[in-house]
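Asker: Compute the structure for the input listed below.
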Amino acid sequence: MSPVQRPEMFIIGAQPVCSQLPGLSAGQRKLCQLYQEHMAYIGEGARTGIRECQHQFRQRRWNCSTVDDASVFGRVLQIGSRETAFTYAVSAAGVVNAISRACREGELSTCGCSRAARPKDLPRDWLWGGCGDNVDYGYRFAKEFVDAREREKNFAKGSEEQGRVLMNLQNNEAGRRAVYKTADVACKCHGVSGSCSLKTCWLQLAEFRKVGDQLKEKYDSAAAMRITRRGKLELVNSRFKPPTPEDLVYVDPSPDYCLRDESTGSLGTRGRLCNKTSEGLDGCALMCCGRGYDQFKSVRTERCHCKFHWCCFVRCKKCTRVVDQFVCK
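Answerer: As a prediction, this is how the structure comes out:
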């Protein structure tokens, strides 16, 4: 059942808390009032998405940074680029991930362990049970909450604004499905002396890094779209295959992110560390956009000469070394 259709879950006293949370749309504020205990996990999921975004783009010109501190991703969201597509997807994925785990851990009153059906290929003598991550509930709640903002907008059919709404909804869904698709069966052995004569299995979320890696692949193959007069998204190049619900889409070309531009959310690459010997995106040639780089020396302290002592600890010394580092001009 849709969370919006559960008014009996209204929490008295939630209104002041929900009204103080910045950035919520009217529909999201209503869900906050109904499900106040969920909000901490929505925030946790969003932070998980931010960290994963920063990891995936750590060696790119745009490294998931922002020029607007009032928003996690800032003005980069004003343009419908493939970077924006990734941020919507990974944020939605983070919410599914956090809510699903909170259900399993008994932190939410409206859900519990997963009730997923027993996989058909599971050996007959293995038990299906345990307390699995409730991905079904996490998916449904994230869809209701995250998509609420877009579904409240009412733009003219065929307008650029409507195209952006459809783009955001597509990428939200791709993020949710990435979590759903990567969840897998986990098992634990039982038996005398670890003989594993019996197994108990359950549904378990994948490590979020795996979700991030999958979404990064979708980012690399994201489809360029445009809005039609009928209010539908269509491929800019009809020779490509239409995107599936698991694919990312974008409607605007990406800026080069070389220079600071607050209108696009670009911080530029001045002062960014680069790899002098790399010919990839993290290399000084590409990272610095041809402006050159400065070299400086820094001192690093590391653990070294570690020895194991019986029983049972490791003792190390501290070694310092001078390393060359390079930053873009």
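
Asker: C-alpha only now, for contacts and for neighbours.
Answerer: Fine.

Asker: center of this structure, which residue is that?
Answerer: Among the residues of the chain, the one closest to the centroid is V90, at 2.2 Å (CA atoms, centre = their mean).

Asker: what about it, distance to D256?
Answerer: V90 sits 22 Å away from D256, going by CA to CA, to the nearest Å.

Asker: for stretch 184-203, what is the average pLDDT?
Answerer: The average pLDDT for stretch 184-203 rounds to 82.

Asker: correction: stretch 279-296
Answerer: Across stretch 279-296, the average pLDDT comes to 95.

Asker: which intervals of the chain have sub-threshold pLDDT?
Answerer: Along the chain, segments meeting pLDDT under 70 span 1-16, 66-75, 191-194.

Asker: So which residues of the stretch 201-329 of the chain form helices?
Answerer: Remark: helices assigned in the stretch 201-329 of the chain by DSSP state H, counting those that start in this stretch are 208-220, 284-287.

Asker: The first one packs against which elements?
Answerer: So the one you mean is helix 208-220. Packing partners of helix 208-220 (3 or more CA pairs under 8 Å, 6 or more residues apart in numbering; DSSP states H and E): helix 39-56, helix 82-104, helix 160-182.

Asker: With the shortest one instead?
Answerer: With contacts defined as 3+ CA pairs under 8 Å, 6+ apart, the packing partners of helix 284-287 are strand 313-328.

Asker: Pull out the buried positions in the strand it packs on.
Answerer: Buried residues in strand 313-328, counted by 16 or more other CA atoms under 10 Å: 326-328.

Asker: Enumerate every residue touching the closest residue to the residue nearest to the centre of the chain other than its chain neighbours.
Answerer: What sits nearest to V90 in space, not counting adjacent residues and going by CA to CA, 6 or more residues apart in numbering, is G49, at 5.1 Å. Listed by CA atoms under 8 Å, 6 or more residues apart in numbering, the contact set of G49 reads 87, 90-94.

Asker: mind redoing it with 7 Å?
Answerer: By CA atoms under 7 Å, 6 or more residues apart in numbering, G49 lies in contact with 90-91, 94.

Asker: returning to what we had before: determine which stretch of the helices and strands packed on helix 208-220 is the most buried.
Answerer: For those, the largest average neighbour count (mean count of other CA atoms under 10 Å) is found in helix 82-104, namely a mean of 28.

Asker: tell me the angle of it relative to helix 39-56?
Answerer: Comparing the axes of helix 82-104 and helix 39-56 via axes from the mean of the first three to the mean of the last three CA atoms, to 10 degrees yields an angle of 140 degrees.

Asker: residues in contact with helix 82-104?
Answerer: Under CA under 7 Å, 6+ apart, the answer for helix 82-104 is 41-42, 44-46, 48-49, 76-77, 108, 111-113, 131-135, 137-139, 142, 146, 168, 171-172, 174-176, 178-179, 212, 219, 222, 248-250, 254.

Asker: do stretch 137-154 as well
Answerer: 3, 25, 27-28, 31, 92, 95-97, 99-100, 165, 169, 176.

Asker: go again using 8 Å as the cut-off
Answerer: 2-3, 24-28, 31, 92, 95-100, 111, 162, 165, 168-169, 172-173, 176, 180.

Asker: Just the buried positions in that stretch, please.
Answerer: Under the neighbour-count criterion of 16+ other CA under 10 Å, stretch 137-154 has 137-150 buried.

Asker: Same check on stretch 101-118?
Answerer: Going by neighbour count (16+ other CA under 10 Å), the buried part of stretch 101-118 is 101-105, 108, 111-115.

Asker: Which single one of those is nearest to K318?
Answerer: Checking those against K318 by CA to CA gives R101 as the nearest, at 39.5 Å.

Asker: hang on, isn't C131 packed against G106?
Answerer: No: the pair C131 / G106 is not scored as a contact, 10.1 Å apart, by CA atoms under 8 Å.

Asker: quick one: common contacting residues for these two?
Answerer: With CA under 8 Å, 6+ apart, C131 and G106 have common neighbours C113.

Asker: Can you tell me how far the closest residue to G283 other than its chain neighbours is from A93?
Answerer: Nearest residue to G283, sequence neighbours excluded (CA to CA, 6+ apart): N275, at 4.6 Å. Distance, N275 to A93, by CA to CA: 31 Å.

Asker: got it, and L24?
Answerer: Separation of L24 from A93 (CA to CA): 18 Å.

Asker: Domains in the protein, by residue range?
Answerer: Annotated domains of the chain cover 26-268, 272-328 [the TED database].

Asker: Now tabulate these in JSON lines and tack on distance to Q20.
Answerer: What follows is the domains of the chain, written out as JSON lines (distance: least, CA to CA, whole Å):
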{"stretch": "domain 26-268", "distance to Q20": "10"}
{"stretch": "domain 272-328", "distance to Q20": "36"}
